[in-house]
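Enquirer: requesting a structural model of the entry that follows:
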Amino acid sequence: MVGDLCIALGSDASTLAKLDALLDIREPIANDDHVIRQGDKFRGLFAVRRGCFKSYTIDRDGGEQVQGFHFPGELIGLEAVSRGTHGANVVALTASATCRLEYSELLRISSCSAGLQEQLFRLFSSRLASQHWRTADFPATERLATFLLDVATRLAQRGHDGDAFELVMARSDIANYLGLATETVSRGFGRLASQGIIDVRRKRVCIKDRAALEAAAGSAAEIF
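Expert: Modelled structure (predicted):
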């Protein structure tokens, strides 16, 4: 079923059966393979079944700008709905897998299902909320704490462990995403760990004190 393979986009059995028929299950995707290239025509959404993906753009000077990360159960390509083309590249950060939902068919089915429509609106709304804090002028520690809360919350909402997870992306990618220096991010992890708020072992992060992590995030934590 859709809920098992990709993401819970509906609740009634008939709607899930219709969505199952739309699924285009893709072959496993290797690390560093792209599923979307900037400028590609928008035809459908990709749901992450396994692994992790990074969205990024290339600026006029050839520099990479990380736009976001996508975890199991999340949809890729929402930003292309309005413009008709994809505004970013999307690359696998580890061995991954996706399935594809034809957008026109998804809309057709959702027009007959109030529950599915609500879930789609929630997806768009949550994406906006999770990105809002990045535009604000928060100190480095608050930005890192908020990032960890964001990842934890998104994973927990989709049935994964929100207290212990792998951050498979490079520290430099996290720094790029947060608008910080890589050294600043590394020091931030060390500071949160020394305070007993998190435990970091290579790429694995365990949240030991969520209340303290929320306090470290400051006002940005209000979005969670």
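Enquirer: can you confirm residue 97 is in a strand?
Expert: Yes - with DSSP: H, G, I helix; E, B strand; the rest coil as the criterion, residue 97 is part of a strand.
Enquirer: show me what it is bridged to.
Expert: residue 50 (DSSP bridges).
Enquirer: tell me which helix or strand residue 189 sits in.
Expert: helix 182-194 (DSSP states H and E).
Enquirer: buried set for the following helix or strand past that helix?
Expert: Where DSSP H and E defines the elements, the next helix or strand beyond helix 182-194 is strand 198-201. Going by neighbour count (16 or more other C-beta atoms under 10 Å), the buried part of strand 198-201 is residue 198. For glycine as for every other residue, the C-beta is placed from the backbone atoms N, C-alpha and C.
Enquirer: can you offset everything so residue one is 15?
Expert: From this message on, residue numbering opens at 15, which makes the last subject strand 212-215.
Enquirer: which residues sit against strand 212-215?
Expert: With contact meaning C-beta atoms under 8 Å, 6 or more residues apart in numbering, strand 212-215 is reached by 162, 203-204, 206-207, 219-222, 227.
Enquirer: how about residue 211, nearest residue that isn't a chain neighbour?
Expert: residue 226 (4.6 Å; C-beta to C-beta, 6 or more residues apart in numbering).
Enquirer: please read the previous query as pertaining to residue 52.
Expert: In space, and not counting its chain neighbours, residue 52 is closest to residue 103: 5.0 Å by C-beta to C-beta, 6+ apart.
Enquirer: what does residue 158 give?
Expert: residue 202 (4.1 Å).
Enquirer: buried ones only from the contacts of strand 212-215, please, as a ChimeraX command.
Expert: Per 16+ other C-beta under 10 Å, the buried members of the contacts of strand 212-215 correspond to this ChimeraX selection:
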select :162,203,206,207,219,221,222,227
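Enquirer: could I get the contacts of strand 212-215 as TSV with pLDDT and distance to residue 47?
Expert: Below are these laid out as TSV (pLDDT from 0 to 100; distance: C-beta to C-beta, whole Å):
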residue	pLDDT	distance to residue 47
162	96	27
203	97	28
204	97	33
206	97	33
207	97	33
219	98	25
220	98	30
221	98	31
222	97	35
227	96	33
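Enquirer: could the contacts of strand 212-215 go into CSV alongside distance to residue 155?
Expert: Shown next, in CSV, are the contacts of strand 212-215 (distance: C-beta to C-beta, whole Å):
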residue, distance to residue 155
162, 11
203, 10
204, 11
206, 8
207, 12
219, 15
220, 18
221, 15
222, 16
227, 11
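Enquirer: the nearest residue to residue 72 once chain neighbours are set aside: what's it in contact with?
Expert: Nearest residue to residue 72 in three dimensions, chain neighbours excluded: residue 78, at 6.1 Å (C-beta to C-beta, 6+ apart). Residues in contact with residue 78 (C-beta under 8 Å, 6+ apart) are 70-72, 190.
Enquirer: and the pLDDT at residue 78?
Expert: We note a pLDDT of 96 for residue 78 in this prediction.
Enquirer: one more: residue 232?
Expert: Looking at residue 232, the pLDDT reads 86.
Enquirer: quick one, what contacts the residue nearest the centre of the chain?
Expert: The residue lying closest to the centre of the chain (C-alpha atoms, centre = their mean) is residue 84, at 3.0 Å. Counting by C-beta under 8 Å, 6+ apart, residue 84 makes contact with 62, 66-69, 90, 104.
Enquirer: what of residue 109?
Expert: Counted by C-beta under 8 Å, 6+ apart, residue 109 has contacts 42-45, 64-65.
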